[in-house]
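>>> One predicted model, sequence on top.
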Amino acid sequence: MTTTDLAILPRAGLFRRLAALLYDAFLVAAIWMLLGFIVELIVGPDTNQLVDGHVQTNPVIDNILFLGMLVSCSAFYLWFWTRSGQTLGMIAWRMKLVDDQNNLINWRQGLIRLVAAWPAFFLLGLGYLWLFVDPNGDAAHDRISRTKVLIVPKSHRPF
């Protein structure tokens with residue numbers, strides 16, 4: 001699709017966005033399980049202990065795993081957003097992320113969007129609910145990162 005074709009497409013609504021987010025969450029969870037398995041292979045199962053019915057783990061390994069999860073989740077979204085404008089969930093729900101000029105976003109915009117999307121979701125979804133009052137139908141993190149999520153036609157081929 002050309003940038004002029006993208007200019008006339010409608011913005012994605014809340015249900016479609018959340019459905020794609022759920023779809024992508026399953027993929028990210030699978031990546032996290034693989035990451036946890038790799039960490040467990042490296043450090044071994046002896047780093048966990050059962051004390052008084054509670055599992056105690058090594059805090060250093062916990063922090064390394066958390067950092068790995070954060071990096072892998074960020075890399076997942078940034079890779080897809082900057083390469084094609086679509087994660088796998090967005091492809092399934094026929095959405096595409098572009099900048100204000102209808103081009104693919106850059107890494108800087110992707111990082112801003114990613115950092116802004118977390119509070120948009122976890123503050124009772126207020127950042128997502130912003131799309132109901134925004135004149136263009138953008139969520140708060142769309143506005144902050146100068147991006148927009150469009151609904152692409154069924155004929156659009158992502159690859």
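Looks like it came in fine.
>>> all contacts plus neighbour counts: C-alpha atoms, from now on.
Fine.
>>> where do the helices sit along this structure?
Assigned by DSSP state H, the chain shows helices spanning 3-6, 14-43, 59-83, 88-92, 107-122, 126-129, 140-145.
>>> how about these, which one is nearest H156?
H156 sits nearest to helix 88-92 of all the helices of the chain, at 9.5 Å, using CA to CA.
>>> ok now that closest one, how far from the chain's centre?
Mean-position distance between helix 88-92 and its chain equals 11 Å (CA atoms, centre = their mean, to the nearest Å).
>>> Now it - C-alpha only, PDB.
Extracted C-alpha coordinates of helix 88-92, given in PDB (Å, rounded to 0.1, in the frame of the first residue of the first chain):
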ATOM      1  CA  LEU A  88       1.200 -11.000  14.300                       C
ATOM      2  CA  GLY A  89      -1.900 -10.000  16.300                       C
ATOM      3  CA  MET A  90      -2.200  -6.900  14.200                       C
ATOM      4  CA  ILE A  91      -2.000  -8.900  11.000                       C
ATOM      5  CA  ALA A  92      -4.800 -11.200  12.300                       C
END
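>>> Tell me the buried residues in it?
88-91 (16 or more other CA atoms under 10 Å).
>>> One more: stretch 66-82?
So for stretch 66-82, counting by 16+ other CA under 10 Å, buried means 68-69, 72-74, 77-82.
>>> ok, back up a step: now for the helices of the chain, which one comes closest to L50?
helix 59-83 (14.7 Å).
>>> coming back round to it: ok, the buried residues of helix 88-92 vs Y23, which is closest?
Comparing these against Y23 with CA to CA places G89 closest, at 5.0 Å.
>>> residues contacting that closest one?
The neighbours of G89, taking CA atoms under 8 Å, 6 or more residues apart in numbering as the test, are 19-24.
>>> Mind doing that once more with 7 Å?
By CA atoms under 7 Å, 6 or more residues apart in numbering, G89 lies in contact with 20-21, 23-24.
>>> likewise I144?
No contacts exist for I144 under CA under 7 Å, 6+ apart.
>>> roughly how far apart are it and G110?
Distance, I144 to G110, using CA to CA, to the nearest Å: 11 Å.
>>> again, but for L22
Distance of L22 to G110, given as CA to CA: 19 Å.
>>> Between those two, point out the one with more neighbours.
Using other CA atoms under 10 Å, the more surrounded residue of L22 and G110 is G110, with 24 against 13.
>>> Got the confidence number for the more buried one?
For G110, the pLDDT comes out at 96.
>>> what does M1 give?
62.
>>> Thanks a lot, see you next time.
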